[in-house]
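Novice: No letters, just coordinates:
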């Protein structure tokens, strides 16, 4: 499908990438610290998950989302 109007962007934007990377880091570190029995660091890692969502939302509102003016899609 080459019609850009029907293409929702599929999350290929700086806002989406930043959000996913931060949240993935939170999940990964939380799992590691859980295995190492470090409850304080587990909860610190849990905090990263909503922080990642917030960063993605802020970047999206700043124009770096899939439909933002600062986003430049790459040809595949």
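Specialist: Yep, it's here. The shown structure was predicted, so the numbers you read here are calculated from the model rather than taken from an experiment. Numbering: from 1, shown residues only.

Novice: center of this protein, which residue is that?
Specialist: Of all residues in the chain, the one closest to the mean position by CA atoms, centre = their mean is residue 19, 1.4 Å from it.

Novice: host element of that one?
Specialist: Element membership of residue 19, judged by DSSP states H and E, is helix 14-35.

Novice: Quick check: what element follows that helix along the chain?
Specialist: Downstream of helix 14-35, the first helix or strand assigned by DSSP H and E is helix 39-59.

Novice: ok, residue 61 - how many residues close by?
Specialist: Applying other CB atoms under 10 Å, we find 11 residues neighbouring residue 61. C-beta here means a position set from N, CA and C on the backbone, and glycine is covered the same way.

Novice: Tell me the spacing between residue 37 and residue 67.
Specialist: According to CB to CB, to the nearest Å, residue 37 and residue 67 sit 44 Å apart.
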